[in-house]
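Trainee: Sharing a sequence plus its predicted fold:
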Amino acid sequence: MKFVNRAKEARIENTDEIPFAHRKIRPRNFISATRIYLTIFLFIISSSAIFLFLSPFFSQFSSKLTTIDGSNSSKDALLLGHFPYPEVSDEYLIDLYPGFKVHKDTLSALLKMRSAAAKDGVYLVFLSGFRSVDLQREIFYENKSIRNQIAIERAKVSAPPGYSEHATGFAVDIGDRDMRKTDFETSFESTPAFRWLLKNAAKYHFVLSFPKDNIQKVSYEPWHWRFEGTVEALRQFEAANRSAIDKELPK
Ligand code: DAL
Ligand code: ZN
């Protein structure tokens, strides 16, 4: 027995004398560390492969989620090319003149713009501002019926109720005081008023909502301008602006 024990001790001593790097038999803790590293490596490789394989399903799922909350899916919110706009509550409206209301944040910019144009010898007329959803309903269905149009045709020139920029109080239709025959006509584009607006409206935070060949496929409306001079106004038109930037709407 003594002999066996001594032999064991000798083996242990001998092993310890061989430099670590030259030993044929690795110590046990070295082997288990290698196993752990190998397992982690295999785990990372296989989970990356699984993720790559499933990523198309994930992205489909996440686009469904964003569609539901409406925050990331401007094109799904459209109705016949128009984005939904809530009706501004009465407390935010102010009379520009009797029967003509606009969002109160718009008033000062409108007046400044009109004065600046007048100084340049151009006379802007404000034709319409805030429009309630009820009035928009009348306009849309009445005219649709009178003109014997189907909704798709009507929506090219008029927003369905709940989808008009006029409901926000931030949109105004503008004419040229000296060329009233061009009111609400594409010929408004050849008036001094329109040329002045194209050059100067951005100074007063007004933007042409429906330029020629707009991404929403709404008819060209050179008379229709919207105010984007506050964060609230910008938020209202975020989807419209984003769609114009992304050009992600169906052709
Ligand atoms: N006139 C445009 C289409 C609107 O009401 O938003
Ligand atoms: Zn308009």
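Mentor: On my side now, so go ahead. Residues are numbered from 1 along each chain as shown. Ligands and ions are numbered 1, 2, ... in the order given.
Trainee: Please make it C-alpha for all contacts and neighbour counts, starting now.
Mentor: Fine.
Trainee: For the closest residue to L208 other than its chain neighbours, the count of nearby residues, please.
Mentor: Spatial nearest neighbour of L208, excluding adjacent residues (CA to CA, 6 or more residues apart in numbering): W225 at 4.6 Å. The number of residues packed near W225 is 24, by other CA atoms under 10 Å.
Trainee: Which helix or strand contains W225?
Mentor: strand 224-227 (DSSP states H and E).
Trainee: Give me the contact status of that strand with ligand 1.
Mentor: No: for strand 224-227, no contact with ligand 1 is found by CA under 6 Å from any ligand atom; the gap never falls below 6.6 Å.
Trainee: Is that strand in proximity to ligand 2?
Mentor: Yes: using CA under 5 Å from the ion, we find that strand 224-227 touches ligand 2 at H224.
Trainee: by contact count, what packs against that strand?
Mentor: strand 171-176, strand 206-208 (3 or more CA pairs under 8 Å, 6 or more residues apart in numbering; DSSP states H and E).
Trainee: between those strands, which gets nearest to W196?
Mentor: strand 171-176 (10.3 Å; CA to CA).
Trainee: name the helices or strands packed onto the closest one?
Mentor: Using 3+ CA pairs under 8 Å, 6+ apart, strand 171-176 is in contact with strand 124-128, helix 192-200, strand 224-227.
Trainee: How about the first one, which residues are buried there?
Mentor: Read it as strand 124-128. Within strand 124-128, the residues scored as buried using 16 or more other CA atoms under 10 Å are 124-126, 128.
Trainee: ok but V102 is inside a strand, no?
Mentor: Yes: note on V102: a strand contains this position according to DSSP: H, G, I helix; E, B strand; the rest coil.
Trainee: So what sits opposite it in the bridge?
Mentor: Beta-bridge partners for V102, by DSSP bridges, are I94.
Trainee: and what of I174?
Mentor: F126.
Trainee: Let me know whether it touches H224 as I believe.
Mentor: Yes: judged on CA atoms under 8 Å, I174 makes contact with H224 at a distance of 6.5 Å.
Trainee: The helices and strands packed on strand 171-176 into TSV, with extra columns for mean pLDDT?
Mentor: Shown next, in TSV, are the helices and strands packed on strand 171-176 (pLDDT from 0 to 100):
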stretch	mean pLDDT
strand 124-128	98
helix 192-200	98
strand 224-227	98
